[in-house]
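Colleague: sequence and predicted structure below; questions after.
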Amino acid sequence: MKKVPVGISSCLIGEKVRYDGGHRRDAYIADTLANYFDFRPFCPEIGIGLGAPRPTLQLAKVKGRIRCIQVKNRDVDVTDALCDYATELTPLQNGLCGYIFKSNSPSCGMERVKVYDNNQVRREGVGVYAQEIMRLYPLLPIEEEGRLGDSGLRENFIQRVYVFYRWQQMLETGLSVDALTHFHARHKLIIMSHADYHPLGRLAASACAENLSAVAAQYILLLMTRLKKIATRPQHVNVLQHIQGYLKKQLTMDETAELCEVIEAYRRAELPLVVPITLLKHHFRKTPDPYIEQSYYMSPYPQELNLLSLL
Ligand code: SF4
């Protein structure tokens, strides 16, 4: 499988671009995710010509507005330069299927960045460059390296990256009513594990030659929004039982009882998701079903990432 293009704060993959001339290499990103993601590094502070090492920046309230300024010389305001840099890079950023930002940075932080306001500090800011990227690319799956330490958030982000990648591939091969219908069918069970899939199903079914572009735009916006919600155990149980229904006639009573028990054990958090999924895959290898075979639910991303064993 081709590596998926994903933007990243340069310091997270070991580039010495930080204010102190160092980096913040993240081992999981650089050693594991790099095997699957084609990382495109961007350092906005270097990009606007600040160099490394450089004076530190912070977010601060200036005349009621949050600005990115130099700590030692508050007259140096790089807010507009960082925004312009995000826009200038559009040709390089187009085609990205996700973005991983460095947390807590006044340029790259995705959320909860410190904002200084007289003597008060509040964690309510968003890095200026990151905010501009999120504004320019509302569909793009975004995450911070710190939050990737949480197994649920990590799985959710990687799943969204692969869904968006497959969407981009579908657009490259040519958007059509059939392609959209097929895309929805293959992702329906994934959607089901996050939210009610009916609104997306109705949208996909409403596509025709005349409204295709508009429906596709609405579809992907709604899909990427719904997928941000972390799938819960009860939702996965619902999907697993739905899949089990496709084996109703194929399984013996003992096999059915075993599968039910494994799904219940997953519901009780005694087993990870990979266990019922492996058992289901085993049964579908013996008696394949075309609908389940084409669904991405049981193989949403490369198995080697081992994410399902954490859920
Ligand atoms: S956090 Fe962003 S601006 Fe700061 S060093 Fe890393 S890539 Fe550069």
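Modeller: Cool, the structure landed.

Colleague: going forward, measure contacts between C-alpha atoms and count neighbours the same way
Modeller: Will do.

Colleague: now do the strands in the stretch 51-200 of the chain.
Modeller: 57-62, 65-70, 99-101, 113-117, 120-125, 142-144 (DSSP state E, counting those that start in this stretch).

Colleague: in the host helix or strand of residue 256, what counts as buried?
Modeller: Per DSSP states H and E: residue 256 is located in helix 253-267. The neighbour-count check on helix 253-267 (16 or more other Cα atoms under 10 Å) flags 259, 260, 262, 263, 264, 265, 266, 267 as buried.

Colleague: please identify which of these is nearest to residue 297.
Modeller: Closest approach between the buried residues of helix 253-267 and residue 297, by Cα to Cα: residue 263, at 15.5 Å.

Colleague: just confirm that closest one contacts residue 240, I think it does.
Modeller: Yes - judged on Cα atoms under 8 Å, residue 263 makes contact with residue 240 at a distance of 7.3 Å.

Colleague: ramachandran angles for the residue nearest to residue 32 when sequence neighbours are not counted?
Modeller: Closest residue in space to residue 32, ignoring its immediate chain neighbours: residue 305 at 7.9 Å, by Cα to Cα, 6 or more residues apart in numbering. With angles defined as degrees, to the nearest 10, residue 305 sits at phi -70, psi -20.

Colleague: what's the closest of the strands of the stretch 51-200 of the chain to the ligand?
Modeller: Closest approach to the ligand among those (Cα to the nearest ligand atom): strand 99-101, 7.2 Å.

Colleague: from the chain's centre, how far out does that closest one sit?
Modeller: In terms of Cα atoms, centre = their mean, to the nearest Å, the centre of strand 99-101 is found 9 Å from the chain centre.

Colleague: check stretch 30-38 too.
Modeller: Relative to its parent chain, stretch 30-38 has a centroid offset of 15 Å by Cα atoms, centre = their mean.

Colleague: hmm, back to that, what sits in contact with each of residue 263 and residue 240?
Modeller: residue 276 (Cα atoms under 8 Å, 6 or more residues apart in numbering).

Colleague: show me where this structure dips below the pLDDT cut-off.
Modeller: For the chain, applying pLDDT under 70 flags no range at all.

Colleague: domain assignment for it?
Modeller: Per automatic domain parsing, the structural domains of the chain span 4-149, 161-311.

Colleague: near the ligand, which residues of the stretch 1-150 of the chain?
Modeller: Within the stretch 1-150 of the chain, the positions near the ligand by Cα under 6 Å from any ligand atom are 9-11, 17-18, 42-45, 102, 105, 107-108.

Colleague: how much space between residue 151 and residue 311?
Modeller: The spacing between residue 151 and residue 311, counted by Cα to Cα, to the nearest Å, is 7 Å.

Colleague: the two - which one has more neighbours?
Modeller: Set side by side, residue 151 and residue 311 show more neighbours around residue 311, with 18 against 15, by other Cα atoms under 10 Å.

Colleague: related to what we said a few turns ago, emit the ChimeraX select command for whichever of the residues of the stretch 1-150 of the chain next to the ligand are buried.
Modeller: Buried subset of those, written as a ChimeraX selection, criterion 16+ other Cα under 10 Å:
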select :9,10,11,17,18,42,43,44,45,102,105,107,108
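
Colleague: make TSV from the residues of the stretch 1-150 of the chain next to the ligand and add distance to residue 244 to it.
Modeller: Listed next are these as TSV, based on distance: Cα to Cα, whole Å:
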residue	distance to residue 244
9	42
10	44
11	45
17	51
18	51
42	45
43	48
44	49
45	52
102	41
105	46
107	47
108	44
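
Colleague: which member of the residues of the stretch 1-150 of the chain next to the ligand is positioned nearest residue 122?
Modeller: Distances from residue 122 to those, taken as Cα to Cα, are shortest for residue 105 (13.9 Å).

Colleague: so can I have CSV of the domains of the chain showing distance to residue 155?
Modeller: Converted to CSV, these look like this (distance: least, Cα to Cα, whole Å):
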stretch, distance to residue 155
domain 4-149, 8
domain 161-311, 6
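
Colleague: okay, these, which one's buried deepest?
Modeller: Stretch with highest mean neighbour count among the domains of the chain: domain 4-149 (a mean of 18; mean count of other Cα atoms under 10 Å).

Colleague: straight-line length of that one, end to end?
Modeller: Domain 4-149 stretches 20 Å from its first residue to its last (Cα to Cα).

Colleague: could I get the buried residues of helix 253-267 as CSV with distance to the ligand?
Modeller: Converted to CSV, these look like this (distance: Cα to the nearest ligand atom, whole Å):
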residue, distance to the ligand
259, 47
260, 47
262, 44
263, 42
264, 43
265, 42
266, 39
267, 39
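
Colleague: let me know the secondary structure of residue 39.
Modeller: Per DSSP: H, G, I helix; E, B strand; the rest coil, the secondary structure class of residue 39 is strand.

Colleague: tell me how far it lies from the ligand.
Modeller: Distance, residue 39 to the ligand, by Cα to the nearest ligand atom, to the nearest Å: 13 Å.
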